[in-house]
Structure formats: structure tokens, C-alpha cells
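Generate coordinates for the sequence data below:
(one chain, ligands or ions: 2)
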Amino acid sequence: MAEIYAVASGKGGVGKSTFTAGISRALSEAGKRVLAIDCDIGLRSLDLLLDCDGQVVFDWGDAVAGRCSADRAVISGSVDFIASPRHYEEGFNGENLRKIIDSLKSGYDFIFLDSPAGVGRDFETAVNAADKLTAVTTADNICVRSCAAACAAAEKLGLTDQHLVINMFEVRPAVRKKLLNLDECIDETRVPLLGVIPFDRVLSYASVTGVKPDEFSPSARAFLRIAKRLCGEKAELICE
Ligand SMILES: Nc1ncnc2c1ncn2[C@@H]1O[C@H](COP(=O)(O)OP(=O)(O)O)[C@@H](O)[C@H]1O
Ligand SMILES: [Mg+2]
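Residues are numbered from 1 along each chain as shown. Ligands and ions are numbered 1, 2, ... in the order given. A predicted model of the protein is given here:
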């Protein structure tokens, strides 16, 4: 039965959607059945990152509103995908999204809900439909602070099982000096660290082309290590 993760951050642009696509692919390559759901209503992007934008007919809003069955909203691939609604409608909330997920979850090992930035209505929808929170941040003061606020907001909504992913980690000393170190990020958010993903230009290209990043790239290797940890295996916490 699937574990359901809301991927949230506070600030936008820290890599939530990139993480959702990367971890979903890594888990799928490890033989897991993965469903990724875009919860960024009106600002969908995961369809582009998973290279299935041309296949979207229905979204989870259609399933909630009864315009299609839950499984008709699923686009099948190595990672299965459900697009977010283009517009908000009454009833697009965590409870109703969870009903859709519950009807599908026996077919999956992992389900990721790509949440929008901020801690508003659609963040609450993703958090209320999830069992766990993956908080994504970059290692700068502003993003870490807003990530801590998102973690606290999720906790208030009852989502207490949380872990942290630090993205776009910089190893170049001149840049690193200006950023927080890993311990400072953990202290500020008070959330245990799941993994670190380096800044990797390959990922930016992938977001434009929709083509899967090279398996030997530093980010692909980082996703693989995080996938192992999510599967309960040991994997070193390397920052390369
Ligand atoms: N580790 C990384 N290295 C380099 N670029 C990254 C990395 N993670 C994300 N990006 C880039 O940052 C931008 C924002 O990422 P995105 O996943 O859309 O953020 P969010 O979903 O949090 O708004 C995209 O252009 C993406 O390619
Ligand atoms: Mg996003």
C-alpha cells in the first residue's frame, strides 16, 4: 500500500516539482510503483517535467467533480501521473483529493503530491491528503525560514511525520560561505534530513526539454540515494 508524501517548501522555485519528478523516476527505476500528482492548481508544471503534457485529458479536479473516474485521470508511464486542475472549484480540498487517492493507492508503493509554494489553500489540500511531509529548501536564510514555517503549518494540520531535502546544494567554497550549512538548516526547521541534492545544470536542461537527466549526473545519483533511504536501505549522505 502506498506511502503518500506532500512535497512542500514555503518559497517557490526551490525545486519541489524537480524533486517530485526526480525522486519518482529514481523509485520507478528501483522497481517501485509510483504515482505523482500535481497539486499546484492553475500553475501546473509536473506534466512538463514528466514529459506528458500532451497526454493530459482529465485532471484530479475532474475526478473530484465526477466528470471522470479516478483511474481515467491517471496518465500511465514509468511514473504514473495525474495533472492538477487549471482552475479552482468548490470541493477541491484535501478530503476529496484523499478519496481519489484512496481509490488508487493499492496499485502503488509511493505517491507524491507536488504542492504549490506558500501555506495557502492548495498547500492545505496537499497536506490534508498526505501521510508525510517532504520539505524542500535551498540552503539560504530566506528559503530555510519559509520552509520552517511550512513545516510548522503542516504540523498544525496534523502532518507531523516530516523530513527535509536540501536542494541546489553548492560545493563551490565562494558560494558555500554565504549559505547555511546542513546543521543550521536542520536546526532552523527542526526536521530530520532525508537527503541533499547538488546544484546541477543538467536538471535545468531537463526542466526545459522534459528529457530525463543523465543517470550519472550528480543530481541523478543524489535522487538514487534518497530513493534508497525511502525504501529503508542504507545510503550515504554525500554532498558532491
Ligand atoms: N538541484 C538543482 N540544480 C539546478 N537547478 C535546479 C535544481 N533543482 C531545481 N532546479 C531548477 O530550479 C527551477 C525551479 O524548480 P522547480 O522544481 O520548478 O521549483 P518549485 O516547484 O519549488 O517552484 C527550475 O528551473 C529547475 O530546473
Ligand atoms: Mg513547482
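
Isn't residue 109 up against residue 30?
No. Using C-beta atoms under 8 Å, residue 109 makes no contact with residue 30, being 9.5 Å away. For every residue, glycine as well, the C-beta is placed using N, CA and C.

for this structure, what spans make up the strands?
3-8, 34-38, 80-82, 110-114, 132-137, 162-169, 193-198 (DSSP state E).

can you redo those strands as JSON lines with mean neighbour count?
JSON lines is the format used below for these (neighbours: other C-beta atoms under 10 Å):
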{"stretch": "strand 3-8", "mean neighbour count": "25"}
{"stretch": "strand 34-38", "mean neighbour count": "27"}
{"stretch": "strand 80-82", "mean neighbour count": "25"}
{"stretch": "strand 110-114", "mean neighbour count": "27"}
{"stretch": "strand 132-137", "mean neighbour count": "25"}
{"stretch": "strand 162-169", "mean neighbour count": "24"}
{"stretch": "strand 193-198", "mean neighbour count": "21"}
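
Quick check: which of the ones you listed is nearest to ligand 2?
Nearest to ligand 2 among these is strand 110-114; the distance by C-beta to the ion comes to 5.9 Å.

Give the pairing partners of the closest one; include direction for each.
Take DSSP bridges as the rule and strand 110-114 pairs in its sheet with strand 3-8 (parallel), strand 34-38 (parallel).

can I get the CA coordinates of it in PDB?
What follows is strand 110-114, C-alpha atoms only, in PDB (Å, rounded to 0.1, in the frame of the first residue of the first chain):
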ATOM      1  CA  PHE A 110       4.800   5.700  -3.400                       C
ATOM      2  CA  ILE A 111       2.500   8.600  -4.100                       C
ATOM      3  CA  PHE A 112       3.900  12.200  -4.300                       C
ATOM      4  CA  LEU A 113       1.800  15.300  -4.100                       C
ATOM      5  CA  ASP A 114       3.600  18.200  -5.600                       C
END
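
what residues does this protein put near ligand 2?
16, 17 (C-beta under 5 Å from the ion).

mind running it again at 6 Å?
When proximity is defined as C-beta under 6 Å from the ion, the chain approaches ligand 2 at 16, 17, 40, 45, 114.

What segments of this protein are helices?
Ranges of helices in the chain, per DSSP state H, are 16-29, 46-49, 60-64, 94-104, 121-129, 141-156, 173-176, 182-189, 201-209, 218-230.

which of the ones you listed sits most buried?
Of the helices of the chain, the one with the most neighbours on average (mean count of other C-beta atoms under 10 Å) is helix 16-29, at a mean of 26.
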